[in-house]
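**Q** here's my sequence, what's the structure:
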Amino acid sequence: MSSDTAAASQSGGDAQQQKAAGGNRIQVSSSKKPLFFYVNLAKRYMQQHGDVELSALGLAISTVVTIAEILKNNGLAVEKKIRTSTVEINDEMRGRSLQKAKIEIVLGKTDNFDELMAAAAGEAAVGDGEEQT
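**A** Take a look at the predicted model:
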């Protein structure tokens, strides 16, 4: 990728980030948080905004794919869009730029998302009640 292409993709990425600045973008790291932290955060964002954008670079891509598959397999989400690209990252320690793979997956709520979430909340409330007796 030429530096012109990198600059163009960066400016496009900035526009996407501004569009997603409404609070429905999750940038996933492969090592900072547990998998289900991101799954639960994505559920909350879908409740609030109707959809969520999961984004990751490099080794975290498999984590984003796993999160999306968990939500889809549980009947909570449908894929709206998947984008892949390559971004240039400046490695200050080595004094050169690196190219990293990037993925962005946009998920939307399924028609029965609210019912499934209400049922899960009801089960959690019943479970909490049984533990306290």
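
**Q** residue contacts, the residue nearest the centre of the chain?
**A** Taking C-alpha atoms, centre = their mean as the criterion, L54 is the residue nearest the geometric centre of the chain, at 1.9 Å. Residues in contact with L54 (C-beta atoms under 8 Å, 6 or more residues apart in numbering) are 26, 28, 38, 42, 64, 67-68, 104-107. Every residue, glycine included, has its C-beta placed from N, CA and C.

**Q** can you pull the contacts of T66?
**A** Neighbouring residues of T66 by C-beta under 8 Å, 6+ apart: L35.

**Q** tell me the SS of it?
**A** Under the three-state scheme (DSSP: H, G, I helix; E, B strand; the rest coil), T66 adopts helix.

**Q** scan the helices and strands of this structure for the one with the lowest mean pLDDT.
**A** Lowest by mean pLDDT, DSSP states H and E among the helices and strands of the chain is helix 3-19, with a mean of 36.

**Q** that one: what's the following helix or strand?
**A** The C-terminal neighbour of helix 3-19 among helices and strands, as given by DSSP states H and E, is strand 25-27.

**Q** how distant is that following strand from the center of its chain?
**A** Its chain's C-alpha centre and that of strand 25-27 lie 5 Å apart, by C-alpha atoms, centre = their mean, to the nearest Å.

**Q** quick check: mean pLDDT across it?
**A** Mean per-residue pLDDT for strand 25-27: 93.

**Q** same check, this time on stretch 86-106
**A** Here stretch 86-106 scores 90 as its mean pLDDT.

**Q** cool, stretch 66-74 as well?
**A** The average pLDDT within stretch 66-74 is 95.

**Q** hey, C-alpha coordinates of it in PDB?
**A** C-alpha atoms of stretch 66-74 as PDB (Å, rounded to 0.1, in the frame of the first residue of the first chain):
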ATOM      1  CA  THR A  66     -15.500 -15.000  17.900                       C
ATOM      2  CA  ILE A  67     -17.600 -12.300  19.500                       C
ATOM      3  CA  ALA A  68     -19.600 -11.900  16.400                       C
ATOM      4  CA  GLU A  69     -20.200 -15.600  16.100                       C
ATOM      5  CA  ILE A  70     -21.300 -15.900  19.700                       C
ATOM      6  CA  LEU A  71     -23.900 -13.100  19.200                       C
ATOM      7  CA  LYS A  72     -25.100 -14.600  15.900                       C
ATOM      8  CA  ASN A  73     -25.300 -18.200  17.300                       C
ATOM      9  CA  ASN A  74     -27.400 -17.000  20.300                       C
END
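
**Q** understood, closing this out.
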